[in-house]
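# build me a structure from this.
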Amino acid sequence: MQPVKLLLVEDEAQMARLLQRGLSEEGHQVDVCSRGEDALIQAANVSYDAIVLDWSLPDLDGVSVLRQWRESGLSTPVLMLTARGSTGEKVTGLRAGADDYLVKPFDFDELLARLEALARRGAGTNASAQLGSVSLDAKRRCLARSGAEVTLTAREFALANELWSHAGDVLSRSRLLSSVWGTDFDGLPNVVDVYVGYLRTKLSELGADDIEIAAVRGIGYRLRKVTQ
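Predicted structure coming up:
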């Protein structure tokens, strides 16, 4: 794949050096921050294709940094590194706006593959797609309606793009899981239902009552117009 520009937020100096060297050897451009406050400023002033964010930092914890990024409108895909492997802690990170996570210790090849997957999902999509009053904007990675917009995480966008690209079609959960999370995803299969819920909430925030993501019992979901 094409080289991407990455921000690595990691306070363990040795790990930061190893990751920076490994990612650079793969052809990627890597900037490093060791503190949360510095990362907030860096990401606000430089455009990155993806961010690797450690949960434990010396000043602000990674979740706090991530929440501030998302509240400010930053939509860059974020992969969170954490020593916290419980389901509850993973959910906390995802709900704060993380697009993916890895539990330490991890294999470098897996980190690389996950970062490249995030970058691929952001590329090769239509610039925009319209259904009813709502447009899906790939460049800004958001849903927009009547001048209002809501930002999507990389994973939310990948799911929305699959639904918008096949509007009117019934898409099975297994197809959505494979398309959005990859064929090697080993998490809980109900993650599709969780993220459909996130998209429904964002459509509601926009007041979009002319389209819906309808559940098709026993199969999956269909994005469709609603007859008024």
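
# how many neighbours does the nearest residue to Asp137 once chain neighbours are set aside have?
Nearest non-adjacent residue to Asp137, counting by CB to CB, 6 or more residues apart in numbering: Ser128, 5.1 Å away. (Glycine included, C-beta is placed from N, CA and C.) Residues near Ser128, counting by other CB atoms under 10 Å, number 13.

# I'd assumed Leu136 was in contact with Ser128.
Yes: between Ser128 and Leu136 there is a contact under CB atoms under 8 Å: 6.4 Å.

# ok, the residue nearest to Asp137 - contacts?
135-139 (CB atoms under 8 Å, 6 or more residues apart in numbering).

# just the buried residues of the residues you listed.
With burial judged by 16 or more other CB atoms under 10 Å, the buried subset of the contacts of Ser128 is 136-138.

# and those residues, which is closest to Ser56?
Ala138 (33.4 Å; CB to CB).

# domain parsing for this structure?
The record assigns the chain these domain ranges, following automatic domain parsing: 5-122, 128-225.

# and Ala39, how far from Leu66?
With distances taken as CB to CB, to the nearest Å, Ala39 is found 10 Å from Leu66.

# settle it for me: which of the two has more neighbours?
The neighbour count for Ala39 versus Leu66, taken as other CB under 10 Å, is higher for Ala39 (28 against 25).

# which of the helices or strands spans that one?
helix 36-45 (DSSP states H and E).

# in that helix, what counts as buried?
36, 38-40, 42-43.

# quick one: the helices in the chain?
Secondary structure of the chain (DSSP state H): helices at 13-25, 36-45, 62-71, 87-96, 108-122, 154-165, 173-181, 191-205.

# okay, those, which one's buried deepest?
helix 154-165 (a mean of 23; mean count of other CB atoms under 10 Å).

# so what does that one touch, helix or strand wise?
With contacts taken as 3 or more CB pairs under 8 Å, 6 or more residues apart in numbering; DSSP states H and E, helix 154-165 sits against helix 108-122, strand 128-131, strand 134-137, helix 173-181, helix 191-205, strand 220-225.

# which of those sits closest to Val150?
Using CB to CB, the helices and strands packed on helix 154-165 put helix 191-205 closest to Val150, at 4.4 Å.

# tell me the angle the closest one makes with helix 87-96.
30 degrees (axes from the mean of the first three to the mean of the last three CA atoms, to 10 degrees).
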